[in-house]
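>>> What would the 3D arrangement of this be:
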Amino acid sequence: MEKKEALDLKCKDWEALFEGWREPRYRASQVCDWIYKKRVLSFDSMTNLSLPLRSRLKEALDLSLPVLIERRQSSRGDAIKYLWKLRDGESVESVVMRYEGRDTACLSTQVGCPLGCSFCATGKSGFVRNLTSGEIVGQFLAMEADIGDSIENAVYMGMGEPFLNLDAVLDSVRNLNHPKMRALGIRHIAISTVGIVSGIKALAHSDLKVRLAVSLHAPNDDLRTHLMPVNASNPLGSLYKALKSFQEITGERISIEYMLISDINDGLSLADELANYLKGLHVYVNLIPYNPTDGLFKRPPRGRVEAFKKRLEGLGYEVALRKGLGADIEAACGQLRRRALI
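You can find the predicted model right below:
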């Protein structure tokens, strides 16, 4: 019989498992404490369980993390990028970003990506499959194990589009957040989407209060469809309605991610268009100077970035210029995996 993946199990699944084995329900709390709080990934080491129970767990479940293929740390120590091998031999990337004493895990949700954004290295390697909830959580636990410390923030913005793997993503959020499991604060979890309208609606009606970030990158349909083909099926008008509805339901502020690409979307007239598009929404704008993945696009000069920022601020928006991390370790999504596949 094929073993189940232990990291796929929810707390209630652990409880059902032990009840079925005529074990007390509190065994679920004990095992989850070992895995998610003590970071022990061996049933043999769970010393408050009987030897027969440990043996039975080993026979029934596979408790393992993704295998490290490559680890690269930036020269400034502000980013660590990982390439992991999954059980079927496929690979995904994840990143720890280190901002002034707070670590954030960037998690992948798919092997590759089907969306084909023109500026993204992940899409160039094609789409293979969705990750399971356990494979998503496994990245987080593996990075904690590597740095030897707790990571207190998670953002779903690695390889893939989270809302195209909605069920597994939400299950992984629940496992990371559950008080008997990793107990990561829900306000410390964010999901970043390219603007999948159905996913935004589903998140709004879920029981989760995670933060929402939207990768916009262009304020009109023509340019956005050129950069992000997904805009053809999720155009800006539909996206705006979904974001408006999300805020009416949740009351939450939305982060708008806007990557600045030299001479493509960094002109002041586009800043004006962006400001006009965002009217009526409670947003925070993150400007991200492009991290080159090939010779197709370029990073804007500092002056153009600052001018774009000042224009938005002058129009009443709160704007942050995201500090670039990990350029020397190919930290942009998909770069490391794509190089490994060539």
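>>> beta partners for the residue nearest the centre of the chain?
Residue closest to the mean C-alpha point of the chain, counted by CA atoms, centre = their mean, is Tyr156 at 1.3 Å. Beta-bridge partners recorded for Tyr156 (DSSP bridges): Ile191.
>>> helix, strand or coil for Ala320?
Secondary structure state of Ala320, per DSSP: H, G, I helix; E, B strand; the rest coil, is strand.
>>> and the residue nearest to it when sequence neighbours are not counted, how many neighbours does it have?
Distance criterion CB to CB, 6 or more residues apart in numbering; nearest residue to Ala320, sequence neighbours excluded, is Asn286 at 5.4 Å. Any C-beta I mention is one placed from the backbone N, CA and C, and that applies to glycine too. Applying other CB atoms under 10 Å, we find 18 residues neighbouring Asn286.
>>> so what's Asn286 bridging to?
Glu257, Ala320.
>>> Hmm, it is touching Ser255, no?
Yes: Asn286 is in contact with Ser255 according to CB atoms under 8 Å; the separation is 5.8 Å.
>>> so what's in contact with the two at the same time?
When contacts are counted by CB atoms under 8 Å, 6 or more residues apart in numbering, Asn286 and Ser255 have Ala213 as shared neighbours.
>>> Can you list the low-confidence ranges for the chain?
1, 294, 324-342 (pLDDT under 70).
>>> rerun at 80
For the chain, the stretches with pLDDT under 80 are 1, 100-101, 121-125, 293-295, 323-342.
>>> So which other helices or strands are in contact with the longest strand out of those in it?
Under DSSP state E, the strand in the chain containing the largest number of residues is strand 91-99. If you count contacts as 3 or more CB pairs under 8 Å, 6 or more residues apart in numbering; DSSP states H and E, strand 91-99 packs onto strand 79-85, strand 102-106, strand 110-112, helix 133-147, helix 335-341.
>>> circling back to that earlier point, any idea how far the residue nearest to Ala320 lies from Lys323?
11 Å (CB to CB, to the nearest Å).
>>> And Leu236, by the same measure?
Taken as CB to CB, the span from Leu236 to Lys323 is 28 Å.
>>> Please say which of the two ends up with more neighbours.
Using other CB under 10 Å, the more surrounded residue of Leu236 and Lys323 is Leu236, with 17 against 11.
>>> For burial, what's the neighbour tally of the residue nearest to that one when sequence neighbours are not counted?
Once flanking residues are discounted, Leu236 sits nearest to Asp221: 5.5 Å by CB to CB, 6+ apart. Look at Asp221: counted by other CB under 10 Å, it has 13 neighbours.
>>> how about the residue nearest to Arg25 when sequence neighbours are not counted, secondary structure?
Distances taken as CB to CB, 6+ apart place Glu15 nearest to Arg25, at 5.0 Å, with adjacent residues excluded. Assigned with three-state DSSP, Glu15 falls in the helix class.
>>> my guess is Glu15 meets Ala28, correct?
Yes: taking CB under 8 Å as the definition, Glu15 is a contact partner of Ala28 at 4.4 Å.
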